[in-house]
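Colleague: predicted model and sequence follow; I will ask about them next.
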There are 4 protein chains.
Amino acid sequence: MLIHTARIRVRYKETDQMGLVYHANYFTWFEIARIELLDHLGCPYVELEKEDFLLPVLSCNATFHLPAFFDDRLDVEVKIEEMPLVRIKACYEVRRNTDLIATGATKHAFVSGEGKVIRPPQKFIDLAKKKFGN
Amino acid sequence: MLIHTARIRVRYKETDQMGLVYHANYFTWFEIARIELLDHLGCPYVELEKEDFLLPVLSCNATFHLPAFFDDRLDVEVKIEEMPLVRIKACYEVRRNTDLIATGATKHAFVSGEGKVIRPPQKFIDLAKKKFGN
Amino acid sequence: MLIHTARIRVRYKETDQMGLVYHANYFTWFEIARIELLDHLGCPYVELEKEDFLLPVLSCNATFHLPAFFDDRLDVEVKIEEMPLVRIKACYEVRRNTDLIATGATKHAFVSGEGKVIRPPQKFIDLAKKKFGN
Amino acid sequence: MLIHTARIRVRYKETDQMGLVYHANYFTWFEIARIELLDHLGCPYVELEKEDFLLPVLSCNATFHLPAFFDDRLDVEVKIEEMPLVRIKACYEVRRNTDLIATGATKHAFVSGEGKVIRPPQKFIDLAKKKFGN
């Protein structure tokens, strides 16, 4: 399993006039957690793109359990539970201390610069295999 | 059934360095379609909020079938297929001409200014009932 | 002079918890007005980029006279008062009916895909000259 | 003088299809630096709002010297050079290592919840006076 927790501080810009975080911003936080997970794996996303691998979002969802507010410090945990092959599925939990704020998931595929679905980069496969213990 | 189609023109700000629309922006478009649907129902969201009804997003999802690009004119169709009671479910289809770009859904509840789930406003119920034919 | 007025409807996402429009969003509206001005000139930005001309923002400013609110219909006027040569300067006025909400300006240069400052595209020069009457 | 440097990591969402940071995002970074400056002063913005003080942006500007890219780590320095009375002026410098990426400024006034310009909160005045050495 690949797992990482990113620490987020809610920006003023991320609130709306309801006085809480605008829902679409959670997907940006999910992305921050994914980016940091790739860093910790040893496979930074910025380097993947330089080698012409893109990792677009194929689908995404989120469920909001409790509101989040400006200036909250939130933990955004991302987990990849199955060895990524063609498709990658990531799951997320957003917490404020022990309170569960939101859960969600995203699906991805590695895609070339021209938009074709491709095998993950070999470096990514090797590093992921180590973490998955096979 | 409540149904409405909003016309969107993709903003430059809505693209990212992949050269296409950043995924979280679709949820903003879904919201524009909802807002316009409420307008056409005769129950503008801005008036609901003035009467202390909020309509937060409880959960949301989207699936991306084809990329959307800067300057695209897109049709964002929103449908509410079941008479809204405590929960409201809306479904979305985003099209560029006849191409299906994305689909999605959001769930909502009417909430008071203090955050309590409440019955929809009577005006909304009356107008929706007419459209649902009962 | 090149002049155009775009009509904007304020999105919920563009508000923040002060209950009014978050200031940085005005720059996105300025851009929408610029894009529409180029359309009306006969020189759509999307086509300029296809021919490898970019028009990045070199500097920008805005002054906020009155708050703008969710659902406001605003007129965003953009004016280019001097024949654009290497630098282009655009000025903006945002109004709600007759109320002046904000003013601002942006400076731009045409840049090639590799980031070099270049002469504006000939088509743009020709069309602009006609409007400037020389 | 009040001075603070915030460390930013550029989010994917903050890029546009030019492959660099969309200009309006710098104003969000300026705000993050202001928020952190208030933290370090001992006067967190979230507490000011709880006491019904708002600090809206009256005007803002930015000049872009070099592009910033996805994943860049940037230092956003904010300086308040004059003892804040009714108006507060903050200046910004954004750097990537020693490269100057952008400069800018914002003007603010303390405003009550009803939108009236008011004296800064006493706690803020006292803390600022100490830093300004009078």
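Modeller: Perfect, thanks for sending it. Residues are numbered from 1 along each chain as shown, chains lettered A, B, ... in the order given.

Colleague: how about the residues of chain A that lie near chain D?
Modeller: When proximity is defined by CB under 8 Å from any CB of the partner chain, chain A lies next to chain D at A:11-13, A:28, A:31-32, A:35, A:44-46, A:49, A:70-71. All C-beta spots, glycine's among them, are computed from the backbone N, C-alpha and C.

Colleague: make CSV out of these and add pLDDT, distance to chain C and neighbour count.
Modeller: What follows is these, written out as CSV (pLDDT from 0 to 100; distance: CB to the nearest CB, whole Å; neighbours: other CB atoms under 10 Å in any protein chain shown):
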residue, pLDDT, distance to chain C, neighbour count
A:11, 98, 10, 18
A:12, 98, 6, 20
A:13, 98, 6, 21
A:28, 98, 12, 18
A:31, 98, 17, 26
A:32, 98, 19, 18
A:35, 98, 22, 21
A:44, 97, 23, 15
A:45, 96, 23, 20
A:46, 96, 18, 15
A:49, 94, 17, 18
A:70, 98, 6, 20
A:71, 98, 10, 17
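
Colleague: show me which residues of stretch A:56-66 are buried.
Modeller: Going by neighbour count (16 or more other CB atoms under 10 Å in any protein chain shown), the buried part of stretch A:56-66 is A:56, A:57, A:58, A:59, A:60, A:61, A:62, A:63, A:64.

Colleague: and the first one, how far from chain D?
Modeller: It refers to residue A:56. Distance of residue A:56 to chain D, computed by CB to the nearest CB, to the nearest Å: 11 Å.

Colleague: run through the residues that contact residue A:3.
Modeller: A:37, A:77, A:78, A:79, A:80 (CB atoms under 8 Å, 6 or more residues apart in numbering or on different chains).

Colleague: now the residue most central in space within chain A: closest residue in space that isn't a chain neighbour?
Modeller: By CA atoms, centre = their mean, chain A has its centre lying nearest to residue A:34, at 3.1 Å. Excluding the flanking residues, the one nearest residue A:34 by CB to CB, 6 or more residues apart in numbering or on different chains is residue A:78, at 5.7 Å.

Colleague: what residues are up against residue A:17?
Modeller: B:49, C:12, C:15, C:16, C:17, C:18, C:19, C:20, C:70.

Colleague: repeat the analysis, applying 7 Å as the threshold.
Modeller: C:15, C:17, C:19, C:70 (CB atoms under 7 Å, 6 or more residues apart in numbering or on different chains).

Colleague: pull the residues that contact stretch A:25-33.
Modeller: For stretch A:25-33, contacts defined as CB under 7 Å, 6+ apart pick out A:4, A:6, A:8, A:14, A:60, A:62, A:76-78, A:92, A:94, A:102, A:104, A:106, B:23-24, D:11-13.

Colleague: repeat for stretch A:41-51
Modeller: A:2, A:35, A:38, A:55, A:121, A:123, A:124, A:127, A:128, D:70, D:71.

Colleague: tell me the one of those residues nearest residue B:98?
Modeller: residue A:55 (28.6 Å; CB to CB).

Colleague: how much space between the closest one and residue B:18?
Modeller: 9 Å (CB to CB, to the nearest Å).

Colleague: of the two, which one has the most company?
Modeller: residue A:55 (23 against 20; other CB atoms under 10 Å in any protein chain shown).

Colleague: what's the closest non-adjacent residue to that one?
Modeller: Nearest one to residue A:55, counting by CB to CB, 6+ apart, is residue A:108 at 5.1 Å.

Colleague: tell me the contacts of the one you found?
Modeller: Residue A:108 touches A:55, A:56, A:57, A:58, A:88, counting by CB under 7 Å, 6+ apart.

Colleague: next, the first one: phi, psi?
Modeller: By that I understand residue A:55. For residue A:55, the backbone dihedrals (degrees, to the nearest 10) come out as phi -130, psi 70.

Colleague: verify the stated contact: it with residue A:110.
Modeller: Yes - contact criterion CB atoms under 7 Å: residue A:55 and residue A:110 qualify, at 5.9 Å.

Colleague: output the below-cut-off pLDDT ranges for chain A.
Modeller: For chain A, the stretches flagged by pLDDT under 70 are A:134.

Colleague: which stretches of it form strands?
Modeller: With DSSP state E, the ranges of strands along chain A come out as A:2-9, A:53-54, A:57-64, A:73-80, A:87-96, A:99-109, A:111-112.

Colleague: which one of these lies closest to residue D:114?
Modeller: strand A:2-9 (28.6 Å).

Colleague: could you list the buried residues of the closest one?
Modeller: For strand A:2-9, by 16+ other CB under 10 Å, it's A:2, A:4, A:6, A:8.

Colleague: partner strands of it, with direction?
Modeller: Strand A:2-9 has its sheet partners listed here by DSSP bridges as strand A:73-80 (antiparallel).

Colleague: identify the bridge partners of the residue nearest to residue A:34.
Modeller: residue A:4, residue A:92.

Colleague: how about it, what does it touch?
Modeller: Counting by CB under 7 Å, 6+ apart, residue A:78 has contacts A:4, A:30, A:33, A:34, A:37, A:90, A:92.

Colleague: residues near the third one, how many?
Modeller: Residue crowding around residue A:33 was assessed by other CB under 10 Å; the count is 24.

Colleague: not counting sequence-adjacent ones, nearest residue to the residue of chain A most remote from its centre?
Modeller: No residue in chain A sits farther from the centre than residue A:17, which is 26.5 Å out by CA atoms, centre = their mean. Nearest non-adjacent residue to residue A:17, counting by CB to CB, 6+ apart: residue C:15, 4.0 Å away.

Colleague: and that neighbour, what is it in contact with?
Modeller: Contacts of residue C:15 (CB under 7 Å, 6+ apart): A:16, A:17, C:21, C:22, C:70.

Colleague: nearest to residue D:133, of these?
Modeller: residue C:22 (34.6 Å).

Colleague: phi first, then psi, for the closest one.
Modeller: Dihedral angles (degrees, to the nearest 10) for residue C:22: phi -60, psi 130.

Colleague: for stretch A:74-81, list the C-alpha coordinates in CSV.
Modeller: Presented in CSV, the C-alpha positions along stretch A:74-81 are these (Å, rounded to 0.1, in the frame of the first residue of the first chain):
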residue,chain,number,x,y,z
LEU,A,74,-6.3,19.6,8.0
ASP,A,75,-4.7,16.3,7.4
VAL,A,76,-5.3,14.9,4.0
GLU,A,77,-4.5,11.2,3.8
VAL,A,78,-4.1,9.5,0.5
LYS,A,79,-3.9,5.8,0.1
ILE,A,80,-3.3,3.6,-3.0
GLU,A,81,-4.4,0.2,-1.9
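
Colleague: okay, buried residues for that stretch please.
Modeller: Result for stretch A:74-81 [16+ other CB under 10 Å]: buried residues A:74, A:75, A:76, A:77, A:78, A:79, A:80.

Colleague: ok, longest helix in chain A?
Modeller: Counting residues, the longest helix in chain A under DSSP state H turns out to be helix A:25-41.

Colleague: what's opposite whichever residue of chain A sits closest to chain B in the beta bridge?
Modeller: Closest approach between chain A and chain B, counting by CB to the nearest CB: residue A:61, at 3.5 Å. Legend: beta-bridge partners of residue A:61 under DSSP bridges are residue A:105, residue B:61.

Colleague: what's near enough to touch it?
Modeller: A:104, A:105, B:59, B:60, B:61.

Colleague: of all the residues you listed, which comes closest to chain C?
Modeller: Nearest to chain C among these, with distances taken as CB to the nearest CB, is residue B:60, at 13.1 Å.

Colleague: tell me how many other residues surround the closest residue in space to the closest one that isn't next to it in sequence.
Modeller: Of all residues not flanking residue B:60 in the chain, residue B:106 sits nearest, at 4.5 Å (CB to CB, 6+ apart). Look at residue B:106: counted by other CB under 10 Å, it has 22 neighbours.
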